[in-house]
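Peer 1: could you work out the structure for the sequence below:
(2 chains)
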Amino acid sequence: DSGVTQTPKHLITATGQRVTLRCSPRSGDLSVYWYQQSLDQGLQFLIQYYNGEERAKGNILERFSAQQFPDLHSELNLSSLELGDSALYFCASSFQAGPRDEQFFGPGTRLTVL
Amino acid sequence: GNSVTQMEGPVTLSEEAFLTINCTYTATGYPSLFWYVQYPGEGLQLLLKATKADDKGSNKGFEATYRKETTSFHLEKGSVQVSDSAVYFCALSEKGGTASKLTFGTGTRLQVTL
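Peer 2: Next up, the predicted model:
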């Protein structure tokens, strides 16, 4: 158990819908990362927050947005969902925000878009 | 941009066999290098890491050495067990700056049989 929690574990929805994925980082960690794992794209970095502020952005679609709240939990919002958005979404956390900081991964949320 | 190339799987070995999973990278500067493992139905766990050239990361019998001259970080284990069956991801994180993202390889599935 990494200490990172993600809810829900599974999510099934329809095209065009909007969903919210939630992540609680390990106690004391200030940085949160979101990754997408799909069969065709592999594991891709989406976005990073540090202490409430966006710190780095990767291949995140404009239909997707995220935020980190004052209690440090984070939410990833996916809207106008398409079949191709079906994937495993991982959240990770680290104490600081630098490249040497070990990232601890949550168990993931499996999103299925029908 | 940064990239990580891993040998394609699946790799099938008998218990107690020697394991090598190749990983090479392309990056500007001198990244930190990581191996993550993903067991079925679980999130990613950090297996080992190395942050500078010639560093050797090791954990649970697995080893990898940061080779700057060949831009490689091959994963090895002298004697695999059935419980090592999983998907292994090589990853890098660029040094410098105050942001961090992991760039992953495509993953190599290892299956160990009795």
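
Peer 1: CA only for contacts and neighbour counts going forward, please
Peer 2: OK.

Peer 1: and the pLDDT for A:G42?
Peer 2: The confidence metric pLDDT takes the value 88 at A:G42.

Peer 1: was I right about it contacting B:F89?
Peer 2: No - counting by CA atoms under 8 Å, A:G42 sits too far from B:F89 to count as a contact (10.3 Å).

Peer 1: which neighbours do those two have in common?
Peer 2: Common neighbours of A:G42 and B:F89, using CA atoms under 8 Å, 6 or more residues apart in numbering or on different chains, are B:105-106.

Peer 1: can you report how many residues lie near A:Q41?
Peer 2: A:Q41 has 10 neighbours, counted by other CA atoms under 10 Å in any protein chain shown.

Peer 1: can you give me the distance of it to chain B?
Peer 2: 8 Å (CA to the nearest CA, to the nearest Å).

Peer 1: quick one: pLDDT of B:Y39?
Peer 2: 92.

Peer 1: quick one: it from B:G107, how far?
Peer 2: 12 Å (CA to CA, to the nearest Å).

Peer 1: in terms of neighbours, single out the busier of the two.
Peer 2: Set B:Y39 next to B:G107 and count neighbours by other CA under 10 Å: B:G107 wins out with 27 against 15.

Peer 1: wait, doesn't the more buried one sit right on B:C90?
Peer 2: Yes - here B:G107 lies in contact with B:C90, judged by CA under 8 Å, at a distance of 7.0 Å.

Peer 1: who touches both of the two?
Peer 2: Shared contacts of B:G107 and B:C90, counting by CA under 8 Å, 6+ apart, come down to B:Q6.

Peer 1: that older thread, who touches both of B:Y39 and B:G107?
Peer 2: Contacts common to B:Y39 and B:G107, judged by CA under 8 Å, 6+ apart, are B:V87.

Peer 1: name the residues linked to B:L33 by a beta bridge.
Peer 2: B:A50, B:L92 (DSSP bridges).

Peer 1: that one and A:L114: what is the separation?
Peer 2: The value you get for B:L33 to A:L114, if CA to CA is used, is 37 Å.

Peer 1: do the same with A:S93
Peer 2: Counting by CA to CA - A:S93 and A:L114 are separated by 30 Å.
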